[in-house]
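Visitor: build the 3D model from these lines:
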Amino acid sequence: MSIKKCGSAFIMILGLLFAAKNSFGQQAAVDSTNNKPKRVTFAEFHLRVERATKLLQAKELSGIADSDHVNIMMCLNTIFLNNFDKRFNDVKCKKLVAISNERDYKHNITKVYPEWLYNRGMGQYYPKLKMELYGTPSPYATFAVSK
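Guide: This is a model prediction of the structure:
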């Protein structure tokens, strides 16, 4: 009888481990050689932030191109992870965050990309875009901004 209980417990634990491993699906899509942030200058970052802000103000989320959603997410992740840095608390960055919050981007983007998974830190990973939003995004989902 004890062997049956141990076998059942083993199968349950194996199933839980498999489910936990697969619940963070973006880990399989990111290989360590490509897990580096995109390097941009601060001027280029501001241009990207301005474009993201204008798109969020002018278009419906479904009318924004995939590549622009990737840019928006990378800008938001970068600002979010560097909120202690004065450079990322300027008017342009604050405006993007405010527009994003006003449009409830984090929630409404799931209507455009309904297939998503939780990423590390309970953010979201969008397989179609191969991009994360908030939580604890991997380096590839951020910008490394130089002076």
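
Visitor: isn't Val70 up against Lys128?
Guide: No. Using C-beta atoms under 8 Å, Val70 is not in contact with Lys128, being 10.3 Å away. To be clear about C-beta, it is placed using only N, CA and C from the backbone, and glycine gets the same treatment.

Visitor: after the helix or strand of the chain with the lowest mean pLDDT, next one along is what?
Guide: For the chain, counting by mean pLDDT, DSSP states H and E, helix 26-29 ranks last in confidence among helices and strands (a mean of 46). On the C-terminal side of helix 26-29, the closest following helix or strand by DSSP states H and E is strand 38-41.

Visitor: given that next one, what are its sheet partners and their directions?
Guide: Strand 38-41 has its sheet partners listed here by DSSP bridges as strand 143-146 (parallel).

Visitor: average pLDDT across the partner strand?
Guide: Here strand 143-146 scores 94 as its mean pLDDT.

Visitor: show me the helices in the protein, by range?
Guide: Taking DSSP state H, the helices of the chain run over residues 2-23, 26-29, 42-58, 66-81, 91-102, 105-112.

Visitor: confidence-wise, which of those is weakest overall?
Guide: Across these, helix 26-29 gives the lowest mean pLDDT, at a mean of 46.

Visitor: burial check on the closest residue in space to Leu96 that isn't next to it in sequence, number of neighbours?
Guide: Closest residue in space to Leu96, ignoring its immediate chain neighbours: Thr53 at 4.7 Å, by C-beta to C-beta, 6 or more residues apart in numbering. Look at Thr53: counted by other C-beta atoms under 10 Å, it has 20 neighbours.

Visitor: looking at Val70 and Lys128, which one has more neighbours?
Guide: Taking other C-beta under 10 Å, Val70 and Lys128 do not tie; Val70 has more neighbours (16 against 12).
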